[in-house]
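Enquirer: Structure for this input, please:
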Amino acid sequence: MNIETAMAEKAGLIDKELDAVFPKGGIPNLHEVVWYHIGTGGKRIRPVLAIATYEALGGKGDRILPFAAACEVLHAWLLVHDDIEDGDRVRRDKPAVWVRYGLGHGINVGDYMAQKMYELILKCRNKGMDEKTVFRLIEAIVTTSIKTAEGQTMDMNMRFSETPSEEEYMKTVTGKTAHYLTVPAVGGAIAAGADEKLIQKILKYGEYAGPAFQIADDVLDMSEGKGRGEIGRDIKEGKRSMMVVHCLSRCNSDEKAKLLAILGKEPEKTTDRDVLWAKVLMEKHGSMEYAREKAKNLIKKAKAVTIDMPQGLREILNSFADYLVERKK
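Expert: Predicted coordinates for the structure are as follows:
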């Protein structure tokens, strides 16, 4: 399965579902803000994963489409609030929602999209889905939202730690990403009538693929940047990434003190020179390469979970895993 091709082919179907719940026009600073955010270059990869999983497991028709679109809305509202929490001013090379429209509107639009997400899932009933299946889809989204918020809290808590461990980091990113990354596939499987054993395997896959995605994202931030207007934004936010955790465990006391001082600065007071120093230190201690290898090994473990899955689903999840760690933006 070619992920990029699938995204291009399915994007129109997803946007049609989004149009139904976010009609253009209406209340100022509401729908226009939603479309400003979801129209800033999102790849629709999560909806595509939901559709592909559903079809691979024998699902027929279009009843999965509202849920698939809900996965995109889940992603969108979490990013709107994430930018506020992190103080990120740029998203996909454009001003973040809260910067362009104001903090109050940013919070409100995120809240609005969170509820529209459930409205979309309920629309699955209009396409012939039974109530029990709809309830299970809502349950999957609720669990994902809770786990993601818990993981995000641990992430923010870690930013004050001077001795973050790899175990602590992995627990945090697993919480943030395992359900969040795989809920589209879980939903696709539920809608297709898959048994609980397969759904649990998909979640197990996420326990490896999710952290791999986050680590690859951390590396991307320090190399290519990820559409936030600069390279090394995570350093300015004081995040304890995998590279930071590894570096702090390897560097000498003077290096550690300086790195922690940089991480402890206010974002606007952290200079590009500070970020470059941190990057050079990480490269000196092999932290960048360590993180890359960690992500690759996690992907291997994720693929191992898929071995006895139905062939179509296995191919989809393996392609998805490769895409997560090989992407450049």
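Enquirer: Check the gap between residue 282 and residue 249 for me.
Expert: Between residue 282 and residue 249 the computed distance is 12 Å (C-beta to C-beta, to the nearest Å). In this view, the C-beta of every residue, glycine as well, is placed from N, C-alpha and C.
Enquirer: same thing with residue 54?
Expert: When distance is defined by C-beta to C-beta, residue 54 is 43 Å away from residue 249.
Enquirer: So the two - more neighbours on which side?
Expert: Under the neighbour definition other C-beta atoms under 10 Å, residue 54 and residue 249 were set side by side, and residue 54 has more, 29 against 14.
Enquirer: Surely the more buried one touches residue 66?
Expert: No. Applying C-beta atoms under 8 Å, one finds residue 54 not in contact with residue 66, separated by 11.9 Å.
Enquirer: Give me the buried positions along stretch 124-139.
Expert: Using 16 or more other C-beta atoms under 10 Å as the test for burial, stretch 124-139 gives 124, 129, 133, 134, 136, 137, 138.
Enquirer: Please apply the same query to stretch 250-264.
Expert: For stretch 250-264, the buried set under the neighbour-count rule, 16+ other C-beta under 10 Å, comprises 251, 255, 256, 259, 262, 263.
Enquirer: In a strand, residue 61, correct?
Expert: No. Residue assignment for residue 61, taken from DSSP: H, G, I helix; E, B strand; the rest coil, gives coil, which places it outside any strand.
Enquirer: And it, what's its pLDDT?
Expert: The predicted structure scores residue 61 at 89 on the pLDDT scale.
Enquirer: Pretty sure it sits against residue 124.
Expert: No. Contact status for residue 61 versus residue 124: not in contact, 11.0 Å apart, counting by C-beta under 8 Å.
Enquirer: check contacts around residue 113.
Expert: Taking C-beta atoms under 8 Å, 6 or more residues apart in numbering as the definition of contact, the neighbours of residue 113 are 34, 73, 76, 77, 80.
Enquirer: Pick out the most distant pair among these.
Expert: 73 and 80 (10.5 Å; C-beta to C-beta).
Enquirer: how distant is stretch 189-202 from the center of its chain?
Expert: Taking C-alpha atoms, centre = their mean, to the nearest Å, the mean C-alpha location of stretch 189-202 is offset from the chain mean by 21 Å.
Enquirer: my read: residue 312 touches residue 57, true?
Expert: Yes. At 7.5 Å, residue 312 and residue 57 qualify as touching, with contact defined as C-beta under 8 Å.
Enquirer: residues contacting the nearest residue to residue 274 once chain neighbours are set aside?
Expert: Nearest non-adjacent residue to residue 274, counting by C-beta to C-beta, 6 or more residues apart in numbering: residue 262, 4.6 Å away. Contact partners of residue 262, counting by C-beta under 8 Å, 6+ apart, are 235, 270, 274, 275, 277, 278.
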